[in-house]
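Participant: missing the sequence, but the structure's below:
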């Protein structure tokens, strides 16, 4: 398991876009991943909410990590859908993904994204996606 977690840390550290946004791989395991992203003004849209594209990035990346770890290695997103439930307001975003089913070549994963405001997590989006072994 430590090798898989080290693999996940190395892959995440090699993602320039994740580094640019300031995202962090908070935890990972076989079929699970948690990403965190501090909210800064540059990630917001005109109404002061975190932009939907940022939530979509978190869902996509967390799903791919969870699926890839369930499949035992490198993976790519085949497809995903996201439902925005409420505006993301707060100081931190947390994306928690888990593989719901994994075979030899693909995994189906679910992700919940929470906005943390005043220490309270509020569910703001859910996503479902398919990940394939690379």
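Facilitator: Looks like it came in fine. These numbers come from a predicted model, not from an experiment.

Participant: helix or strand for the closest residue to residue 111 other than its chain neighbours, which one?
Facilitator: Nearest non-adjacent residue to residue 111, counting by Cβ to Cβ, 6 or more residues apart in numbering: residue 97, 3.9 Å away. The C-beta positions use only the backbone N, C-alpha and C, and glycine is treated the same way. According to DSSP states H and E, residue 97 maps onto strand 92-102.

Participant: helices or strands up against that strand?
Facilitator: Contacts defined by 3 or more Cβ pairs under 8 Å, 6 or more residues apart in numbering; DSSP states H and E place strand 92-102 against strand 32-38, helix 52-71, strand 106-117.

Participant: mind checking how far the strand ranked longest in the chain is from the chain centre?
Facilitator: Identified as the longest strand of the chain according to DSSP state E is strand 120-133. Computed by Cα atoms, centre = their mean, to the nearest Å, the chain-centroid distance of strand 120-133 equals 7 Å.

Participant: tell me how far the residue nearest to the spatial centre of the chain lies from residue 96.
Facilitator: Residue closest to the average C-alpha location in the chain (Cα atoms, centre = their mean): residue 62, at 2.5 Å. Residue 62 is 7 Å from residue 96, where distance means Cβ to Cβ, to the nearest Å.

Participant: intersection of neighbour lists for these two?
Facilitator: Common contacts of residue 62 and residue 96 (Cβ atoms under 8 Å, 6 or more residues apart in numbering): 33-34, 111.

Participant: now a ChimeraX select for only the buried ones of the residues you listed.
Facilitator: Selection of buried members from these for ChimeraX, criterion 16 or more other Cβ atoms under 10 Å:
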select :33,34,111
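
Participant: which of the shared contacts of residue 62 and residue 96 sits closest to residue 134?
Facilitator: residue 33 (16.0 Å; Cβ to Cβ).
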